[in-house]
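**Student:** Structural data only, the sequence is not supplied:
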């Protein structure tokens, strides 16, 4: 870890951060290719191991916990085995889960990755199967989630929203977060990592997305370099700053009254 990263980690360590959004269980099924199937031109994998990881909005909550921050998770899970695994992983990571609501009418979002291993160093990701329900949350579930957010937000220093478009961050939930954050003295800063629906987060302190998502929202082709998209997003959505991922190796940041800057980004290898 660089000196700058260590300094940022020390500053984060006492912080209480509320993470709100789509809670996902990431499953990796890893196997060794032994032969081709007689049923189709695909390899047959003999499973060697299985990994379960916190995904979606639970992933940044895990990052906060690993940097010695104090994360609180707010979101929705189903009443199934995937939810049981999420509760276990949250507890093991030291993430407060009192604002996670169980919805008995929908499954927990599960993303299963089929990965082949061989003699080479890197694994080969063959396919992904998603189990999810993008339908709107019921009024009863929304009310329960909003109530828990209002109860825990006053004790937080930052609210981070993670929007995957799976139904949790509806306009009603985002508006409730905005009201609760603005009611604090001083107001709680609002950050969001979103894939779509950027107008929903107008007035936030930071909106982060990738270059393709920003270009679609702004109806313009964005170059891989430069802060054009970031500054356009600041103006259109009245946010204080934007963070764009121009490509797989960097992030571009733009703010109201400062020049844009570029930071290196690193990816996560399969387990």
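**Tutor:** Perfect, thanks for sending it. Remember, it's a predicted structure, so these values are computed and weren't measured experimentally. Residues are numbered from 1 along each chain as shown.

**Student:** For whatever helix or strand residue 46 lives in, which strands pair with it and how are they oriented?
**Tutor:** Using DSSP states H and E, residue 46 sits within strand 43-56. Partners of strand 43-56 in the sheet, by DSSP bridges, are strand 23-36 (antiparallel).

**Student:** What residues sit buried inside the strand it pairs with?
**Tutor:** Neighbour counts using 16 or more other C-beta atoms under 10 Å place 23-31 of strand 23-36 among the buried residues. The way it works is simple: take the backbone N, C-alpha and C, and place the C-beta from them, glycine included.

**Student:** same thing with stretch 97-116?
**Tutor:** Neighbour-count burial for stretch 97-116 flags 97, 99-101, 103, 106-115 (criterion: 16+ other C-beta under 10 Å).

**Student:** Likewise for stretch 182-195?
**Tutor:** Going by neighbour count (16+ other C-beta under 10 Å), the buried part of stretch 182-195 is 188-195.

**Student:** roughly how far out does it sit from the chain middle?
**Tutor:** 16 Å (C-alpha atoms, centre = their mean, to the nearest Å).

**Student:** for stretch 25-45, same thing?
**Tutor:** 28 Å.

**Student:** Other residues contacting that stretch?
**Tutor:** Residues outside stretch 25-45 that contact it (C-beta atoms under 8 Å, 6 or more residues apart in numbering): 46-55, 59, 82, 85-86, 89, 108-118, 123, 126, 270-271.

**Student:** Need the residues that contact stretch 127-144.
**Tutor:** Applying C-beta under 8 Å, 6+ apart, the set of residues contacting stretch 127-144 is 76, 82, 101, 103, 105-107, 109-114, 145, 165-168, 170, 172-173.

**Student:** Looking at the buried residues of strand 23-36, which is nearest residue 69?
**Tutor:** Of all these, residue 23 has the smallest distance to residue 69: 18.0 Å, by C-beta to C-beta.

**Student:** Roughly how far does that closest one sit from residue 67?
**Tutor:** Applying C-beta to C-beta, to the nearest Å, the value for residue 23 to residue 67 is 20 Å.

**Student:** and if you look at residue 56?
**Tutor:** Per C-beta to C-beta, residue 56 is found 19 Å from residue 67.

**Student:** neighbour count winner among the two?
**Tutor:** Of the pair residue 56 and residue 67, residue 56 is the one with more neighbours under other C-beta atoms under 10 Å, namely 24 against 17.

**Student:** Confirm for me that the more buried one is in contact with residue 165.
**Tutor:** No: the criterion here is C-beta atoms under 8 Å, and residue 56 misses it with residue 165 at 10.6 Å.

**Student:** Which ones among the buried residues of stretch 97-116 map onto helices?
**Tutor:** In helices, defined here by DSSP state H, there are no members of the buried residues of stretch 97-116.

**Student:** and after whatever helix or strand residue 181 lives in, which helix or strand comes next?
**Tutor:** Taking DSSP H and E as the definition, residue 181 sits inside helix 171-182. Using DSSP H and E, the helix or strand that follows helix 171-182 in sequence is strand 190-194.

**Student:** Within the sheet, what are the partner strands of that next one, with directions?
**Tutor:** Short version: by DSSP bridges, strand 190-194 pairs with strand 158-163 (parallel), strand 206-210 (parallel).

**Student:** and those strands, which is most packed in?
**Tutor:** strand 158-163 (a mean of 24; mean count of other C-beta atoms under 10 Å).

**Student:** Quick check on the contacts of stretch 25-45: which are buried?
**Tutor:** Using 16+ other C-beta under 10 Å, the buried members of the contacts of stretch 25-45 are 52-55, 59, 82, 85-86, 89, 108-115, 117, 123.

**Student:** ok now do residue 75, which residues does it touch?
**Tutor:** By C-beta under 8 Å, 6+ apart, the contact list for residue 75 reads 20-23, 56-58, 99-101, 145, 168.

**Student:** out of the residues you listed, which are inside strands?
**Tutor:** Counted as lying in strands by DSSP state E, out of the contacts of residue 75, are 20-21, 23, 56, 99-101.
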